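K.L.:
Sequence and predicted structure are below.
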Amino acid sequence: MDCYKLEIRQIVDYPRCRIYREFIQTLIADQSIRTGGSSGLFYFTVLCSYANFRTSYRRLDGITYTIYPGEWLCRVSELSQWFRTRFQHQVFHILSMLQARGLIHYTRLGHHGTLVKFSIKNWRKHNTVLDYNCPSQKETGFFFLPIATAVELIGTGRASEMDIVLDLWISTVYKDQQVQGSEIGPVVYFRNGSGNPLITYADLSRRWGISRSSVGRLLKKLDKLGHLSLMSFPGRTGSVIYLRNYLSTMFQISDILVDKAEVAMALNLKLTIPDESETECEAAACGNICVSESLSSVSKTHIYMIVQKTVQFLGRQGIACFGCSKAKYMLYPLSGDCQGIGEGGGGTAFKLDMYCGNSAIYHFELRVSQQAEGGYSDGEK
């Protein structure tokens, strides 16, 4: 009997991106991210999220309308609410702009043109169309958006904050061997053929049609709002962007915390090992650290750094005790006979105990292995 292994990936070569309608509804309701701009990516994606994937009927103002796949019928006031416009003439300006670009076709219906029926061109080419008639849900399910269309839209004018959020989302890659750093987590990669997700503010400025200072402010804002993790490296190396909440939204699995040091090793960037005095001072801020005298294979400086890194990582998991300055940590070596994490893997196995007073309240096992660039990895805990 054949065995099958399910792998969750978002690869570069796939020409479409799956967009969940619930995610679009969340963006529409998020008032902290501004709309506007002239690229139209957000507006087009909103229209796609409401398009039918099967034939249905809708009755408005006493008239029953037939709505085919790729179409939808709504009031102008609804479009104004979705687009966040104050006046109806702004809605028709947006629709006319998208129609002029060959992406949609719309018609005004009803008394005084208060209804709008729009259709997404090439809908059947990218999305499955069902043959039976049934009401189509607008808050659940997903649709496919062609990446080429998104790239074309984002490059046609000045992008708004909402356009940029969607551009980052559509450009994200996960577990693709062609892209460095994608094995760690969902990383933004703009498909430039290099396989390296490092990007500069100047490149983003040209892509989005805004200044470099605006790029920096927006990325820091989205980082603070919890949409992404921005990791900048010194010099002209550039920055790497990882999306938060991507895996839980796209694949309904737990999201991953991405560490900057791990990203640097994945991208073959040189790691700077802090001085012994600096490391000991930073480690002391996390609590009292006791090191076993039998740990002769690892220098004391590196042991302080390993413990500090582990404490910071575990603290981000929501354990409040790891932020307490009165906590005490003890590091012990594990022999080869110990079961668990040290079994069947490379590197050196350690045990980390956390004490509150004289009582040990947490126990952890970790393995440290040497990397090609001379760094370290404290991966499995």
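P.N.:
That came through fine. Numbers count the residues shown, from 1 in each chain.

K.L.:
Can you mark which positions in the helix or strand containing residue 89 are buried?
P.N.:
Using DSSP states H and E, residue 89 sits in helix 88-100. The neighbour-count check on helix 88-100 (16 or more other C-beta atoms under 10 Å) flags 91, 92, 94, 95, 97, 98 as buried. Where you see a C-beta, it was placed from the backbone N, CA and C, and this is true even at glycine.

K.L.:
tell me the helices in the stretch 51-200 of the chain, going along the chain?
P.N.:
Along the stretch 51-200 of the chain, the stretches classed as helices by DSSP state H, counting those that start in this stretch are 76-83, 88-100, 123-126, 147-154, 161-170.

K.L.:
Tell me which of those helices lies nearest to residue 15.
P.N.:
When the helices of the stretch 51-200 of the chain are compared by C-beta to C-beta, helix 147-154 sits nearest residue 15, at 5.8 Å.

K.L.:
quick check: angle from the closest one to helix 88-100?
P.N.:
130 degrees (axes from the mean of the first three to the mean of the last three C-alpha atoms, to 10 degrees).

K.L.:
Who are the packing partners of helix 147-154?
P.N.:
strand 16-20, helix 41-50, helix 161-170 (3 or more C-beta pairs under 8 Å, 6 or more residues apart in numbering; DSSP states H and E).

K.L.:
next one: it to chain centre, how far?
P.N.:
Computed by C-alpha atoms, centre = their mean, to the nearest Å, the separation of helix 147-154 from the middle of its chain amounts to 19 Å.

K.L.:
What's the mean pLDDT across it?
P.N.:
Regarding helix 147-154, the rounded mean pLDDT is 95.

K.L.:
Could you do stretch 24-41 as well?
P.N.:
For stretch 24-41, mean pLDDT is 93.

K.L.:
That stretch: end-to-end distance?
P.N.:
Chord length of stretch 24-41, first to last residue, is 12 Å (C-alpha to C-alpha, to the nearest Å).

K.L.:
rewinding a little: could you dump the helices of the stretch 51-200 of the chain into a markdown table and include distance to residue 351?
P.N.:
Shown next, in a markdown table, are these (distance: least, C-beta to C-beta, whole Å):
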| stretch | distance to residue 351 |
| --- | --- |
| helix 76-83 | 55 |
| helix 88-100 | 60 |
| helix 123-126 | 53 |
| helix 147-154 | 47 |
| helix 161-170 | 40 |
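
K.L.:
Among the ones you listed, which comes closest to residue 204?
P.N.:
helix 161-170 (8.6 Å).

K.L.:
Isn't residue 158 up against residue 41?
P.N.:
No: using C-beta atoms under 8 Å, residue 158 is not in contact with residue 41; the gap is 11.4 Å.

K.L.:
Looking at those two, which is more packed in?
P.N.:
Higher neighbour count among residue 158 and residue 41: residue 41, with 27 against 13, using other C-beta atoms under 10 Å.

K.L.:
Contacts only, for residue 16.
P.N.:
Applying C-beta atoms under 8 Å, 6 or more residues apart in numbering, one finds that residue 16 lies in contact with 126, 144, 145, 146, 147.
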